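Undergrad: Provided below are the primary sequence and the corresponding predicted coordinates.
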Amino acid sequence: MNTTFSRTLLATSTLFISATSMAGGFQVNEHSATGLGRAFAGEAVIADNASVLSRNAAAMTMFDSTSISMGLTMVKPDVSVENVEYQQLKINENMGIPTGMGFNSMTVSNTDGIAGTEFVPNFYVIQPLNDKWAFGFASYSNFGTGTEFEDNYDASIFGGKTEVKSANIGFSLAYKLNEQWSFGAGIDVIYGIGNLYRDLDSTICNKHLAGAKDCSINKTKALDISATGVGIGGNVGVVYQVNERNRFGLSYKYSPEVEAEGDVDYLENHVHGVTSDSVYLPLPDIAEFSGYHLLTDKVAIHYSYQWIGWSAFDSVDINDVNSDQRISVKEYNWKNSYHIAVGTTYYLNKKWTLRAGYMFDKTPVDEITSISIPDSDRQWFSTGFTYNWSNQTSVDFGFTYLIGEDVEVSEVQDIPDMMGITTPDPSLTATTHADAVLAAIQLSHSF
């Protein structure tokens, strides 16, 4: 998209791009330090600062003055890939002429550190227009993932580099119908970046005229994608306030399929004479229900249930510029997932607010597993606090220790037939595990 709009969007959204996901799939939940400190329990309705805009636009009517909030979350993953048994492609030759193909079975060394530390920023503004209407601007990330194996990783057709980054720029409007009901809606402009790289590694054994045989490792570029794109999404929300101590929130986010254009080089395209210049990344819709209850003047409890429509993420496809057909690069066939979060807040005094929370995060990965996007059911253990610097300014800190599970991976990569010979598909089995530490800081101010 070589337009002034897309260049302006790139300059703005690059500041808020995330490449690290520690929620299920490649969803990014880290929208504020305040929410991180309670495992995002009650996030669609608490509205303790402007970051609520990332979850429910209707909650903007709970602000009676201009409010801004900005923050930064550090995500430090610990991802390991172990017990790898690899069926590598083996090509037999007779004096340089292919005579057949099979497998070379090998055990691949354990590896870790394939996902680096990332920083996820956010920025929000809520502007009440009168006692009924409010306008909001938000910039954060909803999706992202990133793994990169060493160049000499033996199973390079399954390793390589996988990077999806996104930035969400949102504009929202809210209306307060009465003391109980508020409604909100908004438009989300999603800017995405995709970088994928794989090498097809194989063992080539050549039999010479004298009968001697020598074998060597050969690597051929199998996939190289570098593309960017923009998609338009939307969101709606509602808040029902029973009284000053009890309220509920419900929101729904529509996420588009992003068509990213750029450089697309795929081995199968060379075999079949196809040219591609776009990759399609389907994104899931998200629905969330939250509740908040102030039990005493000091203690509140809150909770959330979030549904994520990951069944939309069935495969990553590229185009054929000479037809309307799509070519599947990698199948995933994920299933819809969810997370459940519960938390509590303790209002210690006018200066200090303490909070804690727990989340169970269900993986969307079904039967097709992968070492490039290692995912499992996860548990979030979170704590945090707010220090009210003044009546208008506050600083939040949040901390989460995230625990994943061992996942038994069985992965197969389709390879096109080459040189007139049926090409067997390489495969591997492995055990993946991912934990993480998350820490965040947030500055909020009302005018």
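TA: The structure has been received and is ready for your questions. Small disclaimer: the values here were computed from a predicted structure and weren't measured.

Undergrad: quick one: low-confidence ranges for the stretch 151-300 of the chain?
TA: For the stretch 151-300 of the chain, residues meeting the criterion pLDDT under 70 lie at 209-211.

Undergrad: Equivalent analysis for the stretch 301-447 of the chain, please.
TA: The model of the stretch 301-447 of the chain has pLDDT under 70 over residues 418-420.

Undergrad: what about the strands in it?
TA: Along the stretch 301-447 of the chain, counting by DSSP state E, counting those that start in this stretch, strands occupy 315-319, 326-331, 337-347, 352-361, 378-388, 393-403, 407-412, 427-446.

Undergrad: Would you reformat those strands as JSON lines and include mean neighbour count and distance to Lys176?
TA: Placement of C-beta: from N, CA and C, glycine included. Below are the strands of the stretch 301-447 of the chain laid out as JSON lines (neighbours: other C-beta atoms under 10 Å; distance: least, C-beta to C-beta, whole Å):
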{"stretch": "strand 315-319", "mean neighbour count": "20", "distance to Lys176": "42"}
{"stretch": "strand 326-331", "mean neighbour count": "16", "distance to Lys176": "45"}
{"stretch": "strand 337-347", "mean neighbour count": "20", "distance to Lys176": "24"}
{"stretch": "strand 352-361", "mean neighbour count": "20", "distance to Lys176": "25"}
{"stretch": "strand 378-388", "mean neighbour count": "20", "distance to Lys176": "25"}
{"stretch": "strand 393-403", "mean neighbour count": "19", "distance to Lys176": "24"}
{"stretch": "strand 407-412", "mean neighbour count": "16", "distance to Lys176": "46"}
{"stretch": "strand 427-446", "mean neighbour count": "20", "distance to Lys176": "18"}
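
Undergrad: Of all the ones you listed, which one comes closest to Ser182?
TA: Closest approach to Ser182 among the strands of the stretch 301-447 of the chain (C-beta to C-beta): strand 427-446, 18.4 Å.

Undergrad: Extract the CA atoms of the closest one and return them as CSV.
TA: Provided in CSV are the C-alpha atoms of strand 427-446 (Å, rounded to 0.1, in the frame of the first residue of the first chain):
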residue,chain,number,x,y,z
SER,A,427,9.1,-35.1,9.9
LEU,A,428,10.1,-34.7,13.5
THR,A,429,9.0,-35.4,17.0
ALA,A,430,10.0,-33.2,19.9
THR,A,431,9.0,-31.9,23.3
THR,A,432,8.5,-28.1,23.7
HIS,A,433,8.1,-26.0,26.8
ALA,A,434,7.6,-22.3,27.3
ASP,A,435,7.5,-20.3,30.6
ALA,A,436,7.9,-16.5,30.9
VAL,A,437,8.4,-13.6,33.2
LEU,A,438,6.5,-10.4,32.5
ALA,A,439,7.0,-7.0,34.2
ALA,A,440,5.4,-3.7,33.4
ILE,A,441,5.1,-0.1,34.3
GLN,A,442,2.3,2.3,33.6
LEU,A,443,1.9,6.1,34.0
SER,A,444,-1.6,7.5,34.1
HIS,A,445,-2.8,11.1,34.5
SER,A,446,-6.2,12.9,34.5
